[in-house]
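Trainee: Predicted structure and sequence below. I'll ask about it afterward.
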Amino acid sequence: MNYDKNKINLDFERTLTYFLDHIDWGNSLSDTILKKIDFSKGSFFTFLPNDANFDKLYDFKHGGILRTTKPIIKLPNHGGYLEEVPNTRSLVTNFVYDFLQQDPANFCIGEDVIRSPTDKSFKRLDIDYVLLRDEIYYLLDKKNTFNEVEDVVCLANALYHMLVVLAKGSHFIEKDLMQYHLELISQSAIYIIGSAYDGESYIVWEQGNCMKK
């Protein structure tokens with residue numbers, strides 16, 4: 001898939017503070033990434049449609065950047081209204097899926113800050129995972145389907161925090177993670193994805209592409 005028409009480069013300085021604060025709400029992998037990665041050696045971008053409200057481009061903490069054509073549904077029994085919130089999840093899912101398909105060594109790891117291994121909802125999930133004590137990390141590679149990638153994009157997104165890392169060389173990851181595994185993941189990270197715009201879209205940090213403007 002060609003992402004050029006939806007990929008919007010972001011000003012590095014105007015994006016960095018939000019992105020670091022967003023990652024800081026996470027668990028051990030987030031902590032390690034903040035300590036080990038020099039974000040100045042990369043750049044930020046997002047995915048947005050052509051009709052987005054670009055005047056809100058740097059208002060990362062609030063929604064409304066995406067226009068919606070879906071009707072507002074009145075709930076007669078509750079006296080309220082239901083409005084579907086638009087999002088770019090399909091775009092970022094395609095981005096992750098295509099990255100995994102490019103090379104068998106590529107992998108994706110998603111941090112879950114909501115669930116624990118004892119949760120009934122977690123036990124029903126059929127996605128590979130690794131643990132660090134009671135922290136859950138979902139693991140994807142080339143063998144995973146598009147729907148499984150989308151599931152991890154959803155599971156890793158708690159709105160106030162999201163961490164999805166795209167990296168190379170998952171052979172070093174074991175079922176029970178240790179701190180040095182997290183450091184290796186940080187060292188091999190190529191893309192880091194967080195959520196923005198109140199869940200309507202995402203911010204991606206790309207290693208090595210220093211387009212600061």
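Mentor: Here it is on my side, so go on. Residues are numbered from 1 along each chain as shown.

Trainee: make it CA atoms for all contacts and neighbour counts henceforth
Mentor: Noted.

Trainee: Now stretch 43-63: average pLDDT?
Mentor: Taken as a whole, stretch 43-63 has an average pLDDT of 96.

Trainee: Could you work out the end-to-end span of it for me?
Mentor: Taking CA to CA, to the nearest Å, stretch 43-63 runs 23 Å from one end to the other.

Trainee: who touches it?
Mentor: 5-12, 14-15, 18, 64-67, 88, 91-92, 196-212 (CA atoms under 8 Å, 6 or more residues apart in numbering).

Trainee: Can you say which of those residues are buried?
Mentor: 7-10, 12, 15, 18, 65-66, 88, 91-92, 196-207 (16 or more other CA atoms under 10 Å).

Trainee: Residue 93: neighbour count?
Mentor: 20 (other CA atoms under 10 Å).

Trainee: Would you check that residue 109 makes contact with residue 162?
Mentor: No. The criterion here is CA atoms under 8 Å, and residue 109 misses it with residue 162 at 11.4 Å.

Trainee: Please say which of the two ends up with more neighbours.
Mentor: residue 162 (30 against 26).

Trainee: Could you double-check that the more buried one sits in contact with residue 24?
Mentor: No. Using CA under 8 Å, residue 162 is not in contact with residue 24, being 9.8 Å away.

Trainee: Quickly note the distance from residue 134 to residue 54.
Mentor: 40 Å.

Trainee: the more surrounded of these two?
Mentor: Under the criterion of other CA under 10 Å, the comparison of residue 134 against residue 54 puts residue 54 first, with 13 against 10.

Trainee: Phi first, then psi, for the more buried one.
Mentor: Torsion angles at residue 54 (phi, psi; degrees, to the nearest 10) stand at phi -70, psi -10.

Trainee: State the distance from it to residue 60.
Mentor: Where residue 60 is concerned, residue 54 sits at a distance of 12 Å (CA to CA).
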